[in-house]
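Visitor: need coordinates for the below:
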Amino acid sequence: MLLPPPIMMKLAREFLGLSQEMVEAHSGISRSSIQRVERGVAGMLNSAAELKKFYVKNGIVFLPPENGRGWGIVNNNAVEDDSPLNHLPSVELQKHSTPKVK
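Guide: Prediction:
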């Protein structure tokens, strides 16, 4: 399976109008794994493959390079001007606490 480069994974998420937290809630892939995939951290092939499956299932088409051109992306949800970017139900997100610096 050909995996898109990290920037395309990030663009897919943004193209669906989702935050990393929302993808985590809908896909079960941890936010830290999503962050690592989007940064291109080595050793994240399984998470990248699962993330790609999630995006494809939710309307994203990754267009691999051909004829000297780079990667492309299509959001099949956005076929009309007023179409929502995704069809996922709303979820309540957990708040992530950040440690306070003293």
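
Visitor: helix, strand or coil for the residue nearest to the spatial centre of the chain?
Guide: By C-alpha atoms, centre = their mean, the chain has its centre lying nearest to residue 13, at 3.3 Å. Here residue 13 is recorded as helix under DSSP: H, G, I helix; E, B strand; the rest coil.

Visitor: I'd say it and residue 24 touch.
Guide: No - between residue 13 and residue 24 there is no contact under C-beta atoms under 8 Å: 10.7 Å. No exception for glycine: its C-beta is placed from N, CA and C like everyone else's.

Visitor: give me the common contacts of the two.
Guide: residue 34 (C-beta atoms under 8 Å, 6 or more residues apart in numbering).

Visitor: one step back: so what's the residue nearest to the centre of the chain up against?
Guide: Residue 13 neighbours (C-beta under 8 Å, 6+ apart): 19, 20, 23, 34, 38, 55.

Visitor: give me the distance between it and residue 88.
Guide: Distance of residue 13 to residue 88, given as C-beta to C-beta, to the nearest Å: 12 Å.

Visitor: same deal with residue 30?
Guide: For residue 30, the distance to residue 88 equals 18 Å [C-beta to C-beta].

Visitor: so for these two, which sits in the more crowded spot?
Guide: More crowded of residue 30 and residue 88, by other C-beta atoms under 10 Å: residue 88, with 18 against 13.

Visitor: element containing the more buried one?
Guide: Residue 88 belongs to no helix or strand when assigned by DSSP states H and E.

Visitor: the one 3 residues further on too?
Guide: Taking DSSP H and E as the criterion, residue 91 maps to no regular element, lying outside all helices and strands.

Visitor: just give me the neighbour total for it.
Guide: Neighbourhood size, residue 91 [other C-beta under 10 Å]: 11.
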